Structures are given as structure tokens and as C-alpha cells.
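# Curious how this folds, go ahead:
(2 chains)
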There are 2 protein chains.
Amino acid sequence: MRIALDAMGGDFAPHEIVRGALLAQRFSGVDVILVGEEEKIRDCLGEMSSGHAPRIQHASEQILMHEAPALAVRKKRDSSIAVCCDLIKRGEADAMVSAGNTGAVMATALLKLGRTEGIDRPAIGTVVPTRSGKAILLDVGACVDCEPKNLLQFALMGAVYAEKVLGIQKPRVGLMSIGEEETKGNELTRAAFREISATNLNFRGNVEGRDVFHGQYDVIVCDGFLGNVVLKVAEGAAEFIMDEMKDAVQSSWLTKLPMLFVRRSFRGLKRKLDYAEYGGAPLLGIDGVCIVSHGRSHARAIANAVLMAKYTAEQAVVSSIRAFQAQIARGEARPA
Amino acid sequence: MRIALDAMGGDFAPHEIVRGALLAQRFSGVDVILVGEEEKIRDCLGEMSSGHAPRIQHASEQILMHEAPALAVRKKRDSSIAVCCDLIKRGEADAMVSAGNTGAVMATALLKLGRTEGIDRPAIGTVVPTRSGKAILLDVGACVDCEPKNLLQFALMGAVYAEKVLGIQKPRVGLMSIGEEETKGNELTRAAFREISATNLNFRGNVEGRDVFHGQYDVIVCDGFLGNVVLKVAEGAAEFIMDEMKDAVQSSWLTKLPMLFVRRSFRGLKRKLDYAEYGGAPLLGIDGVCIVSHGRSHARAIANAVLMAKYTAEQAVVSSIRAFQAQIARGEARPA
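Numbering: from 1, shown residues only, chains lettered A, B, ... in the order given. Take a look at the predicted model:
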């Protein structure tokens, strides 16, 4: 299994990316191809003792974290992101990972690899912690203005990912909304409810905001605008609690002391909410395996993302999505 | 100041509502009119020792918490909610409070009192705690499918409320979105950004999910679908943290003991996130003062809601909204 890894993407590139590549190679049989400025990558590798050195694929340009994706993709034809996609297209890599500009990764992947047959818009899925395990929330930012059919496709892509990669049998699918009944929600979710109900997905109806973390759903579907807000509000609420509690206890050593202990649990939770810890977020609906990592990823997160990419490619997630979508389009995936 | 209070609404009606009325009367010069089944109210009052007994206004019917609002409002013409609105309409009450079926309160108020001139759709505002005080988040469920002009109107109504009732000078208005730049967001928020920018509101641009609780914004504007999800996700995230921490410490007395202390802070926070603690949520854009309280409200929350209603009426929030909206419509409220 060969994974193209964007060595220039992310806040700690290329150093942490190269370290992540070595970690991933050490812990699994994966072959990483480091993509980016050859000299810089070689310098990093030189500092690190390594058994089997990864292959390097030169790319002369780099898209920065805050560049406008559309323009950057048009102008920088030899960016490390573009070269990663080219490697997949030429059959030299089975998957790619980038911690770079997410918008640019998405635009480049769409341009070079195209969409999975039958999927209109790709989605970014994020694994979130729940009381009983994990769930995939999608979309969290790829598609901000959705139609009902997009949400249906997100549901099926999420279900395939949950089953193949998270190992959940007959994943329970929920639609993010504001009440349990089918009639609750906005125009978009009410129409999507009907469309998802008409398939043989294990659809459990609407999910309310407070149930996201309860663990009754394995796949939580929403448009990319809502999903992005939801993720960040959850992070913000966790930070707020932490800060409020710091204030509450800082007045006395009697209360500071127990907090020293409790604080560790908070840090664990903050990490849990940060998708870097899960290695990355799959870009679903692209005709190829593409994992986007958080810009703040360190070596461990990069290594996890590489293993996630390997597993997603091995489990044939893309072709399963294609097959499931075709089944739905033929009207075969109806409720029993 | 006379406040019509729906004695039949909420999970603990009429007992807790009647207790709340007495509390409010004791602590302020307000006159409460208890609206509902006279006999039941009289029974409750009989059990409680009270100085100045509130007036009772009989209503023969009661809309239950889970009834479909549209149907219930049509069928139960003499509901306690309807009678509260009638009292305002006839000039016998200056404001109303109900902990009953929120949808029914909204539908009845719209029908009987109508909208504030120039406001197309009403909004429910919720006061949320922030690191530096409080902010009003609106809409949280009245208007689930919005146009840009609705969000503009929510912004101005929120600003008037923040200034008049929360006492914040030149309240900082933010638009809930997924990035700071004007170009970020979905179709709705990008258009609303332009409309709000063109007024003399103290508009500070987009608010990201994680900044809701930071305290840089006094008014946070979004459609009712998003606002409802945001509120509930924040509650869910807080619960998740609490539950995860309970699990983390329950293995040993050494860790259980400090948690006994820390847990209190959590409960405080959960209360802070519960709008019942702020007495209630104003229904803005109705041509009259209407406060909806949480169905689980006990006496203290009801008393706070009555005081909130009194203050909202005294501060002439409705006429200020009308005047500000007229100014915007005439094109006078442009940035300097």
C-alpha cells in the first residue's frame, strides 16, 4: 500500500510530516511517498535516523494555509497537493494525505480525480467521540448549501465509511434536526428525511443537538455549514467550561489541588474533539482516497492519518460507495 | 405594571406558576394576573400564605405541551394562552409570560397581537452565558427557514433588546457563520452579511461556533434551525464532559473526593446554559411583550420571567424595535 503524503501542508511542515511518515512506516507495512520540495524533505530526513527511507516525489510549489483555494489551484500547477493527486491518477499511489489548505485539497482532488460516480457533491466526514464509542459527522464544511439529494448521499457515504473503516455493523444513521418527529426541521431536512427513509439504510430519524454525543447514532448527517458550526460550538462549549472552572477554583489552594487532577480529563476531552487525534477526516465522494488532516497536526496525527488512508483504500470504501449509490439510483435499496 | 401569567403552562403548572407569581409580587411592584382554571388556581393560592393575592382571570381550556400548535390554537379558543393575549389586546395587561407549549404561544400571539410593524417574522431570543457576561442568541426556533432580511431584522431586534434589557451600550452584533471573512458562510449568511453591514448597527462580522461563549459579541444572529441546534449541541457537549469525567474518577475515592467539589461548578454551568435561569426567552417581533419560559420552570424561573416581562414592557422594547426598523426601511440607519 503506497500513500502519497503532502510534506508541505500544515503548520508544522515539513518537519512533523516527515516524522509522521517515518512513524507510520515503522508501525505498519505502508510505503509513504513524501511529496514536496525535495531538498527540504531530504534535510528533514537527514536529521532523523530511519530504517527504510520513504520515496520522495518533488513538487516545486506549495499552497499556503490561507490562500484562496480556487485561485491557488489554478496558479500553482505543481503544488505538492496537485502532485499527490497526480500520483493517485497515474496509479503510483493508492491514497493521499494532506494537512494543508483543506479548500485547496478539495478543489484539486475534484479537478484531478473527479467525483465518485453517482455522487453530486463530496463531503468531509469527522469522527466525533460519543459516550459509547465514535460516530461520523458529515458534512463538516465541503458543501455549505445542500439539496436533499446531497444529504441522502452523505448518509450513504457515512454509512459505508462507518461499516468499512469504523467497523460498525448496520450503522445507525441520524439526520441532524430540531425535533424527533419527521415534520420537525427546516425545508431541507424535512425533504431529506423522506429521501433517506426510502432507502434500506438503517435510518433512525432526526438527531437533536444534545444527542450528538450520546452514542445512539453512528452516522450523523447535515449540510457542511451546520456541521462546521456544530463541531466548533462543541469545542467552544468545552473550552468555556474549562475556563469557567479554572476561575471558580483559582481562589484557593484547597480547590486548586483537586483541579490539577481533573484538568487532565479535560485535556483528554479536548483532544477527543479535535479530529487530528483521529488522524484526519476522509474526503468522501472523490474518486480516490483522500484524507485531510488538521493544520495543527503533529507527527502522531499524521501517522494516524496515513494509517487511516491505508485502511480506507484497503477496505475499498470508494467502490463500495459507488456500488451502493448505483443500487439506490436503480431503486433497489428500498426498505424491506 | 400588570403581567398576565399563564397558570396552566409548563410541567409544574399550576402549583409552581402560582408560587412564582407570589414571589414576583413580593419582590417587585408588579401586579400578576393568573390566567387559567379558576378553581385550580384558587386551590393553589389557598395552600400558600400570601400578602396581596393576585387577580385571577378564568380560562376554560388548556393547550398541552405536546399538542400540535396550529390545530390546538384553532380548536381551543378559550385556552389560558389565548386569554393572556386577549388581556394585552384589551389593555388589561402590559405583558404576558407562559411556560406552556412554545409553538402555541407563538401562533396565538401572532394571531391575536400581530407582528411589530416592519418585522416579517418573529424570533425567540435566548440569553446565553459568556466569559465576560451574557449575550442574546436569536433566533432559536421561531423561524427555521429564513431570508436575509429576516436575519437583518433579528439583528436589530437583538440589538434593541441587548441595549434596553441587558443594559449593553452599542451592543456588538455578530452573524453566526463558518469563517471570519465576509465571503465565508452559506448563501443566506453571505447575503445577510451585506444587509447588516449597510446599517448603523455595531456589526462585528461573522461569529464562529467556538466564539459564541467568548464574550466578544453581545448579539448573535442566526436562523431558528441553526440557533436551536447550537443551543442543544452546547448543552449536549456540557453533559458529555460531565459524564466522561464521572467515569474517569469513579474508580477511586482519591479522585471521587475532589470531584464532589468540582461537580458543583458543572451544575452551575448547566444552569447557566438553561434559559429558565434567565427567567425566559423574549418572543421578539410580536406587537406586545411576550416571554416564553422553559417547560421545566419552577417558581424562581417563573418569577424571573415575570420581572423580565415587566422590564421589557417598561423599557418600551417593542416601540423601539418599530422605530429602529422604520429608520432602516427609510435608509437612514446607514453606516457613518
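# Let me see the mean pLDDT of stretch A:135-154.
Per-residue pLDDT over stretch A:135-154 has a mean of 96.
# contacting residues around A:Ala68?
A:Gly103 (Cβ atoms under 8 Å, 6 or more residues apart in numbering or on different chains). For glycine as for every other residue, the C-beta is placed from the backbone atoms N, C-alpha and C.
# so the host helix or strand of A:Phe225 versus helix B:224-249, what angle?
Following DSSP states H and E, one finds A:Phe225 within helix A:224-249. Here the directions of helix A:224-249 and helix B:224-249 differ by 50 degrees (axes from the mean of the first three to the mean of the last three Cα atoms, to 10 degrees).
# All the helices of the stretch 101-250 of chain A, residue numbers only.
For the stretch 101-250 of chain A, the helices defined by DSSP state H, counting those that start in this stretch cover A:102-112, A:148-164, A:187-197, A:224-249.
# returning to that earlier point: helices or strands up against the helix holding A:Phe225?
Applying 3 or more Cβ pairs under 8 Å, 6 or more residues apart in numbering or on different chains; DSSP states H and E, we find helix A:224-249 packed against strand A:123-130, strand A:133-138, strand A:173-177, helix A:253-273, helix B:224-249, helix B:253-273.
# just checking, next helix/strand downstream of the last one?
If I follow you right, that is helix B:253-273. strand B:281-284.
# touching chain A at all, that following strand?
No - on the criterion Cβ under 8 Å from any Cβ of the partner chain, strand B:281-284 is out of touch with chain A, staying 15.0 Å away.
# is chain A contacted by the helix or strand following that strand?
Once the chain leaves strand B:281-284, the next helix or strand it forms, by DSSP H and E, is strand B:290-292. No - Strand B:290-292 lies out of reach of chain A by Cβ under 8 Å from any Cβ, never closer than 15.6 Å.
# Please convert the helices of the stretch 101-250 of chain A to a markdown table, extending it with mean neighbour count.
Formatted as a markdown table, the helices of the stretch 101-250 of chain A follow (neighbours: other Cβ atoms under 10 Å in any protein chain shown):
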| stretch | mean neighbour count |
| --- | --- |
| helix A:102-112 | 22 |
| helix A:148-164 | 25 |
| helix A:187-197 | 19 |
| helix A:224-249 | 22 |
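# Need these in a markdown table (columns: distance to B:Ser297).
Converted to a markdown table, those look like this (distance: least, Cβ to Cβ, whole Å):
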| stretch | distance to B:Ser297 |
| --- | --- |
| helix A:102-112 | 43 |
| helix A:148-164 | 35 |
| helix A:187-197 | 29 |
| helix A:224-249 | 23 |
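# so who does the spatially most central residue of chain A touch?
Nearest to the geometric centre of chain A sits A:Ala281, at 1.0 Å (Cα atoms, centre = their mean). Contact partners of A:Ala281, counting by Cβ under 8 Å, 6+ apart, are A:124-127, A:140, A:275, A:291-293.
# now do 7 Å
A:124-126, A:275, A:291-292 (Cβ atoms under 7 Å, 6 or more residues apart in numbering or on different chains).
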